[in-house]
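Novice: Build the 3D model from these lines:
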Amino acid sequence: MLFADILFLFVFLPLCLISYFVCKDIKAKNAVLLVFSLIFYAWGEPVRILLLVLSAAINYAFAIMIELSKGTRKAKSYLVMSLIYNIGMLAIFKYTDFFLQNVNALLGTSIPMQNIALPLGISFYTFQEISYLIDVYRRDIHTETSILNLGTYIVMFPQLVAGPIVRYETIRDRLEHRVCTREDFIYGVKLFVAGLGSKVLLANRLSGLWQAAGGIGYESISTPLAWMAAAAFSFQIYFDFYGYSLMAIGLGKMFGFELPDNFRHPYISKSMTEFWRRWHITLGAWFRDYVYIPLGGNRQGIGRTYLNLFIVWTLTGFWHGASWNFILWGMFLFAVIAVEKSGLLKI
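Specialist: Presented below is the predicted three-dimensional model:
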């Protein structure tokens, strides 16, 4: 089920809102949101929902064990085990065939591809769970003892499939105490409608030009049409992702949550560094706080700084897709940003 589907707009969302606002108790509201979120996910992933529920339960248990063992070596051991589980599950479902293809190419073997279907939203909810566990380990937050609250945080349908990547600390208080005023609800509806327009009226229409160019054949199209198609593809990606992010933030508002912005007009950026501070903001912040800074950031000399940047941008590319195209794309971004940071490119 997608936000732009007729079923979502005229059946699922009205029923969810009515059930939600009929409840007066915050626990009942969370329960309604959790149940409808599971229905939302199960509609497109009737089998994979078991993986989502299992993931939430396992990370709930790991967080409690980390909290109870804080200050001891066991806490670090539990964190490492939780990271192995989360990254391992993501690797199995998203990267198995990529690794098999490369093994076959390097060793001349013929290991068959597994063709494992990628569960919806696994890249997003896995990163949310990892951030939660690391924050518990760092003692930035306390473990959530309510499985209802943690489950609502992990599977909340507004941000489950396409982000933004929400950290637990940003909505912790809202899980216990929140009020959705009339003004908040109306503003949320406006954001949702704006996002829906970006998706349906702009992104979907622009994709037609790109698909038409592909149908003609890239070797046969004229230069002006090639540039038009490239521009259409660029704006189609932007309005599609931006539209979903707006809809997610709007839906969050309608339920009393403040979800973080994910885009701030990235196409007006004057440099690649600025662009990535404006595009997919929550992903960039995640890699900064949980990869770049723990690796040492820029505190250990120029050489180590560029190595850390290389690791971050290579992983960023790999996160976007399981192919060498995405890895090379991440390396290209690193090269441009490295040139900018060296001062060779003045803006």
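
Novice: Helices of the stretch 151-300 of the chain, start to end?
Specialist: Under the criterion DSSP state H, counting those that start in this stretch, the stretch 151-300 of the chain carries helices at the ranges 157-160, 168-176, 182-197, 204-216, 223-254, 272-278, 281-287.

Novice: residues in contact with the closest residue to residue 289 other than its chain neighbours?
Specialist: Excluding the flanking residues, the one nearest residue 289 by CB to CB, 6 or more residues apart in numbering is residue 131, at 7.8 Å. In short, each C-beta sits where N, CA and C put it, glycine included. Neighbouring residues of residue 131 by CB atoms under 8 Å, 6 or more residues apart in numbering: 165, 167-168, 286, 289-290.

Novice: likewise residue 118?
Specialist: Residue 118 touches 93-94, counting by CB under 8 Å, 6+ apart.

Novice: ok, back up a step: residue 80: which of the contacts of residue 131 is nearest?
Specialist: Ranking these by separation from residue 80, with CB to CB as the measure, puts residue 290 on top at 14.2 Å.

Novice: Verify the contact between that closest one and residue 132 for me.
Specialist: No. The pair residue 290 / residue 132 is not scored as a contact, 10.9 Å apart, by CB atoms under 8 Å.

Novice: Looking at these two, which has the bigger crowd around it?
Specialist: Per other CB atoms under 10 Å, whichever of residue 290 and residue 132 has more neighbours is residue 132, with 26 against 16.

Novice: now the helix or strand hosting that one against helix 168-176, angle please.
Specialist: When elements are defined using DSSP states H and E, residue 132 is found to belong to helix 122-138. Note on geometry: by axes from the mean of the first three to the mean of the last three CA atoms, to 10 degrees, helix 122-138 and helix 168-176 are set 90 degrees apart in direction.

Novice: Which positions within helix 122-138 qualify as buried?
Specialist: Within helix 122-138, the residues scored as buried using 16 or more other CB atoms under 10 Å are 122-137.

Novice: and which of those is nearest to residue 244?
Specialist: Nearest to residue 244, judged by CB to CB, of those is residue 124 at 11.1 Å.

Novice: show me what contacts the closest one?
Specialist: If a contact means CB under 8 Å, 6+ apart, then residue 124 has 159-163, 165 as its contacts.

Novice: Closest to residue 334 out of those residues?
Specialist: For these, the minimum distance to residue 334 (CB to CB) is 20.8 Å, reached by residue 165.

Novice: can you give me how far the helix holding residue 132 is from the chain middle?
Specialist: Distance, stretch centre to chain centre, for helix 122-138: 11 Å (CA atoms, centre = their mean, to the nearest Å).
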